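>>> what's the 3D shape of this:
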Amino acid sequence: MAAKTFPVEASHILMFARSVGDDNQVYYDADYAKTTEAGGIIAPPTFAQASAQFDPDYFLRPKIGQPWFGSGKNPTGVTRAAGGGGGGGGGGGLHAEQHFEYHRHLKPGDVLTATTKPGNSWERESKRAGKLVFSESVTEYRDQHGELVITARGVGVRTERPVDQKTEA
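Numbering: from 1, shown residues only. Sure, this is the predicted structure:
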């Protein structure tokens, strides 16, 4: 897959921490951060996920002038594909898990390059949805020196058939 670059800036870290409701001073107060084990401002644990906003091809990123599945009550012009599963961009699957392995703290000034490759795949049976197909993707984030900073593993699941939604009267 094509590598994407992601500049890490202090203002990005501050806004991300605010957006997830984390007011730890190590994410925005340089004087405080100097007194910590990290020795300076660092990014919150799931910050690398924000790299998607620097990837113009990221499938969940809205594209100006094109219909997409929004987060509102109704889709904004795209018809959901037939088949099992749901969620994520109108496709036939769900985001099931996300794991981050940090090799060092992520800090302002880093410029990450992300490379994604397929991971493991496996299947399970479900009474409600039939066969569940799980697939993993592994994204390695390297800094401007080529050093591995973060390994992220995401797991998606597709269902063989739609799950019946029972409505209450």
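>>> how far away is the closest residue to residue 117 other than its chain neighbours from residue 101?
Here the nearest residue to residue 117 in space, its sequence neighbours aside, is residue 138; by CB to CB, 6 or more residues apart in numbering that works out to 5.6 Å. (C-beta placed from N, C-alpha, C; glycine too.) Distance, residue 138 to residue 101, using CB to CB, to the nearest Å: 10 Å.
>>> strands paired with the longest strand along the chain, and their directions?
As far as residue count goes, and with DSSP state E defining each element, the longest strand of the chain is strand 111-126. Partners of strand 111-126 in the sheet, by DSSP bridges, are strand 4-7 (antiparallel), strand 130-142 (antiparallel).
>>> So for residue 124, which of those strands sits nearest?
Between residue 124 and these, the shortest gap by CB to CB is with strand 130-142, which sits at 4.7 Å.
>>> And the closest one, what's buried?
Neighbour counts using 16 or more other CB atoms under 10 Å place 132, 133, 134, 135, 136, 139, 140, 141, 142 of strand 130-142 among the buried residues.
>>> for the helix or strand that comes right after it, packing partners?
Once the chain leaves strand 130-142, the next helix or strand it forms, by DSSP states H and E, is strand 148-159. Under the contact definition 3 or more CB pairs under 8 Å, 6 or more residues apart in numbering; DSSP states H and E, strand 148-159 sits against strand 93-102, strand 111-126, strand 130-142.
>>> Please identify the buried residues of strand 148-159?
Residues of strand 148-159 classed as buried: 149, 150, 152, 154, 155, 156, 157, 158, 159 (neighbour count, 16+ other CB under 10 Å).
>>> Tell me the strands beside that strand, with direction?
Each strand that strand 148-159 pairs with, and the sense of that pairing, follows from DSSP bridges: strand 93-102 (antiparallel), strand 130-142 (antiparallel).
>>> Give me the buried positions along the first one.
Buried positions in strand 93-102, judged by neighbour count with 16+ other CB under 10 Å: 93, 94, 100.
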